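Peer 1: Pasting the sequence and the predicted coordinates here, then a few questions.
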Protein chains: 2
Amino acid sequence: MSDTKTLLQAFNESVYPVGGHSRRNAEVLLEAFRDIDGETASDMYGSGEVIERFQTDLAEVLGMPSAVFFPSGTMAQQIALRIWSDRRGSAKVAYHPLCHLEIHEQNGLRELHRLEPILLADKDRLITLSDVEALTDDVACLLLELPQREIGGQLLDYAELEAISAHCRERGIKLHLDGARLFEILPYYRKTAAEICALFDSVYVSFYKGIGGIAGAILAGSEEMTAESKIWKRRHGGDLISLYPYIIPAAHYFRERMPKMAGYYRDAVELAAMYNDCPAVATLPAVPVSNMFHVHIDLPKETAERIFVGICERTGVGFAHIVNAGPEGGCRYEVSLGDRYGEIPKAKLSEAFQLLKEGIGEAIAARQ
Amino acid sequence: MSDTKTLLQAFNESVYPVGGHSRRNAEVLLEAFRDIDGETASDMYGSGEVIERFQTDLAEVLGMPSAVFFPSGTMAQQIALRIWSDRRGSAKVAYHPLCHLEIHEQNGLRELHRLEPILLADKDRLITLSDVEALTDDVACLLLELPQREIGGQLLDYAELEAISAHCRERGIKLHLDGARLFEILPYYRKTAAEICALFDSVYVSFYKGIGGIAGAILAGSEEMTAESKIWKRRHGGDLISLYPYIIPAAHYFRERMPKMAGYYRDAVELAAMYNDCPAVATLPAVPVSNMFHVHIDLPKETAERIFVGICERTGVGFAHIVNAGPEGGCRYEVSLGDRYGEIPKAKLSEAFQLLKEGIGEAIAARQ
């Protein structure tokens, strides 16, 4: 705990944090509102130009008939699954064991909506076509997360994704996309968001992850589905009188960062290669398919933390703000690249990696 | 509809709108952030100084052990009632037929939480001690709204409120305060917020009504109750990574407007007297007990709208932005006073009321 705290302190004081766009502070809001006229009218309970225009723009980007802005993806996704469950008259929905709804939402899907999730695949691998083919016909909806964040942001081959979509359509199983990081995978798939969304019946995208907004999400689908989602948004307490404090930054950073997604992806591939050049280090995936990946180090968490704190102090490079214990005495952490990576002098980064190699080497020698 | 639209247009263009603090536009946010340092760290999923300090400050103001910030009162109140219901092992909760949960939340309390509301009293009167005495012991919680907004913001005598509280404690029925407008009634009751909250087990207050913030609410209660409410906040999708865009304005306008509540109340009493001096007009309550009241006019909605549009055009005074059809061919609307009322030149207001008297007189003469 005190070690983690020390690492977090060192990271927060680091001159060159490797991941993300910027610190999460009030400047994120101030920058987004710098050119906003004070006379700009607030949205009012889901109506008004500021929210309607953004919803129309995102529906077009996603190639879906309609889109609704939500304060959170937790709310948007539970509601999407509830709607498909009601349509099918079945409480059964299927998703990955490490799905956000399963591990980060205090069981809201069961406690509020009484849905019965079926966990597909194993924790450490993606859902495949054969997993989906094994589903019974009474499953109302399958949720796929692209990329699968908790296992390093892995992706299926696009052909298998298309086959899963075709299979679900044939079986009458609705397909929902957890697209929290959808925009981050477009460069790898070489597809537009609309091309990918065409494989799904409903889609959620986030505006504070790769986009770097403050909070908020879009749920897109048919006119009927999104109209129903607005009723559930009111029931959840998410139909706020004013959502513009999230919508205006979402629109601002979406415009600013969508064109940079290809660069974040290239940076991730470059950085992962540098990690994989270190002893006892492997990235997951070995070659990233988005702006994110996981780093696995065959050293105890505390040892890795000590090494990273030292590198922060000597080079100002902050590799990680938190390191988690992994299996077999190893450790792991997530890397998600944004604007900051490009601001690090290459020499600094090489120096930091040289120190990482040395630190790991010494730690390995010490244990032999 | 087109009439209402015309009235709304006239009101929006009026130089002297009578109710509220200001237009709901981006300036409300810009003003609140004008003195905020960009380095101010965001809250993170309910942690961090910006949210914890505000929660601590409000717990102190309300005299409750603990307080939690929510994006909406809809979310906060459903959760409070769910917690008390689980504690008692009973789905029965009691509230007024015009309670916000009953008429403005798309039935979320039933659809999400499966609670069974018991409607106390009639639509057109307050809940009294005898209504509460008639409750059976299996009722988990009684919600009281002070003031009762949908009937003009009426209030019980404080002694009866104390008696209801004592009765509920004796019977083990939790008492929850819908204090959306709690701060607006302190001048009439001549009590502190803490003195009133001491009668309740849980309290909700809003920051965009009398306070004039952007959105957001506080739920206050015991440490155990508020800790449980955070789990439900996550389930509802309300545990946003960043709530500071609502918290900073809530704190800003709370500081600015709490000292003005007595003035808003005095203004409401003064304005209601001017209304009651008009033919075919009566306010509910006859003498306001907060900054709000309802105006009932014994004329058709369309006639009243036409008169108000004319007054807007001739004096610039906007009496109402919307008028609703009432019983027996009459009409009614809500008045809620804030900063704007004090900015209207008294002569303008007298001129506007003179025109209102004449307009109503002519309309009455015309129908005879």
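Peer 2: Happy to help now that I have it. Numbering: from 1, shown residues only, chains lettered A, B, ... in the order given.
Peer 1: Neighbours of A:Val287, how many?
Peer 2: Residues near A:Val287, counting by other Cβ atoms under 10 Å in any protein chain shown, number 12. Where you see a C-beta, it was placed from the backbone N, CA and C, and this is true even at glycine.
Peer 1: Do I have it right that it meets A:Glu270?
Peer 2: No. A:Val287 lies out of contact with A:Glu270 (Cβ atoms under 8 Å); the separation is 10.6 Å.
Peer 1: For chain B, what is the nearest residue in the stretch 151-300 of chain A?
Peer 2: Using Cβ to the nearest Cβ, the closest approach of the stretch 151-300 of chain A to chain B is made by A:Gly237 at 2.8 Å.
Peer 1: In contact with the closest residue to that residue other than its chain neighbours, which residues are there?
Peer 2: Of all residues not flanking A:Gly237 in the chain, B:Met75 sits nearest, at 2.8 Å (Cβ to Cβ, 6 or more residues apart in numbering or on different chains). Residues in contact with B:Met75 (Cβ atoms under 8 Å, 6 or more residues apart in numbering or on different chains) are A:His236, A:Gly237, A:Gly238, B:Ala217, B:Lys233, B:His236, B:Gly238.
Peer 1: and what of A:Arg234?
Peer 2: A:Arg234 neighbours (Cβ under 8 Å, 6+ apart): B:Thr74, B:Glu105, B:Gln106, B:Gly108.
Peer 1: Which residues of the stretch 101-250 of chain A lie near chain B?
Peer 2: Counting by Cβ under 8 Å from any Cβ of the partner chain, the positions of the stretch 101-250 of chain A adjacent to chain B are A:105-108, A:111-113, A:208, A:214-215, A:231-232, A:234-246, A:248.
Peer 1: Okay, now the unreliable bits of chain A?
Peer 2: A:1-5 (pLDDT under 70).
Peer 1: what residues go with each domain of it?
Peer 2: The record's domain parsing of chain A by automatic domain parsing lists A:3-22+A:260-363, A:43-241.
Peer 1: for these, which one sits closest to B:Val203?
Peer 2: Of all those, it is domain A:43-241 that lies closest to B:Val203, at 16.8 Å by Cβ to Cβ.
Peer 1: could the contacts of A:Arg234 be laid out in JSON lines, adding neighbour count, distance to chain A and secondary structure?
Peer 2: Output for those, formatted as JSON lines (neighbours: other Cβ atoms under 10 Å in any protein chain shown; distance: Cβ to the nearest Cβ, whole Å; DSSP: H, G, I helix; E, B strand; the rest coil):
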{"residue": "B:Thr74", "neighbour count": "27", "distance to chain A": "4", "secondary structure": "helix"}
{"residue": "B:Glu105", "neighbour count": "24", "distance to chain A": "6", "secondary structure": "coil"}
{"residue": "B:Gln106", "neighbour count": "18", "distance to chain A": "4", "secondary structure": "coil"}
{"residue": "B:Gly108", "neighbour count": "23", "distance to chain A": "3", "secondary structure": "helix"}
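Peer 1: A:Leu175 - that's part of a strand, no?
Peer 2: Yes. Judged by DSSP: H, G, I helix; E, B strand; the rest coil, A:Leu175 forms part of a strand.
Peer 1: count of neighbours near it?
Peer 2: A count of nearby residues for A:Leu175, using other Cβ under 10 Å, gives 22.
Peer 1: Contact partners for it?
Peer 2: A:Leu175 sits next to A:Cys141, A:Leu142, A:Leu144, A:Ile164, A:Ser165, A:Cys168, A:Arg169, A:Leu199, A:Phe200, A:Asp201 when contact means Cβ under 8 Å, 6+ apart.
Peer 1: Tell me what it is bridged to.
Peer 2: Counting by DSSP bridges, A:Leu175 is bridged to A:Leu142.
Peer 1: What residue in the stretch 251-368 of chain A comes nearest to chain B?
Peer 2: A:His321 (11.7 Å).
Peer 1: Return the residues in contact with that residue.
Peer 2: For A:His321, the contact set (Cβ under 8 Å, 6+ apart) comprises A:Leu7, A:Leu8, A:Phe11, A:Asn12, A:Pro17, A:Gly19.
Peer 1: Could you tell me the backbone phi and psi angles at it?
Peer 2: Dihedral pair for A:His321: phi -100, psi -20, per degrees, to the nearest 10.
Peer 1: Next: A:Val18.
Peer 2: On the backbone of A:Val18 - angles per degrees, to the nearest 10 - the values are phi -80, psi -40.
Peer 1: which one is it nearest to, not counting chain neighbours?
Peer 2: A:Phe319 (5.6 Å).
Peer 1: Can you tell me how far that neighbour is from A:Glu358?
Peer 2: 14 Å (Cβ to Cβ, to the nearest Å).
Peer 1: Who has more neighbours out of those two?
Peer 2: When neighbours are counted by other Cβ under 10 Å, A:Phe319 comes out ahead of the other of A:Phe319 and A:Glu358, with 28 against 15.
Peer 1: centre of the chain versus stretch A:354-364, how much separation?
Peer 2: Relative to its chain's centre, stretch A:354-364 lies at 31 Å (Cα atoms, centre = their mean, to the nearest Å).
Peer 1: need the contact list for A:Tyr246.
Peer 2: A:Phe69, A:Pro71, A:Phe207, A:Gly213, A:Ile214, A:Ala215, A:Gly216, B:Pro245.
Peer 1: ugh, wrong one, I meant A:Thr128
Peer 2: Neighbours of A:Thr128 in contact, by Cβ under 8 Å, 6+ apart: A:Ala121, A:Leu156, A:Glu160.
Peer 1: now those residues in TSV, with secondary structure, neighbour count and distance to A:Asp339?
Peer 2: Below are the contacts of A:Thr128 laid out as TSV (DSSP: H, G, I helix; E, B strand; the rest coil; neighbours: other Cβ atoms under 10 Å in any protein chain shown; distance: Cβ to Cβ, whole Å):
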residue	secondary structure	neighbour count	distance to A:Asp339
A:Ala121	coil	19	34
A:Leu156	coil	19	29
A:Glu160	helix	16	33
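Peer 1: ok, so of the contacts of A:His321, who is nearest chain B?
Peer 2: The nearest one, if we look at the contacts of A:His321 relative to chain B and count by Cβ to the nearest Cβ, is A:Asn12, at 9.5 Å.
Peer 1: ok so, going back, filter the residues of the stretch 101-250 of chain A next to chain B down to the buried ones.
Peer 2: Neighbour counting by 16 or more other Cβ atoms under 10 Å in any protein chain shown classes A:105-106, A:108, A:111-113, A:208, A:214-215, A:231-232, A:234-246, A:248 among those as buried.
Peer 1: Could you pick out which of those residues are located in helices?
Peer 2: Among these, DSSP state H puts A:Gly108, A:Glu111, A:Ile231, A:Trp232, A:Arg234, A:Arg235, A:His236, A:Tyr244, A:Pro245, A:Tyr246, A:Ile248 in helices.
Peer 1: farthest pair in those residues?
Peer 2: A:Glu111 and A:Ile248 (32.8 Å).
Peer 1: Quick check: phi and psi at the residue of the stretch 51-200 of chain A found nearest chain B.
Peer 2: Relative to chain B, the nearest point of the stretch 51-200 of chain A is A:Met75 (2.7 Å; Cβ to the nearest Cβ). When read as degrees, to the nearest 10, the backbone of A:Met75 gives phi -70, psi -50.
Peer 1: ditto for A:Arg125
Peer 2: The phi/psi pair for A:Arg125 (degrees, to the nearest 10) reads phi -140, psi 160.
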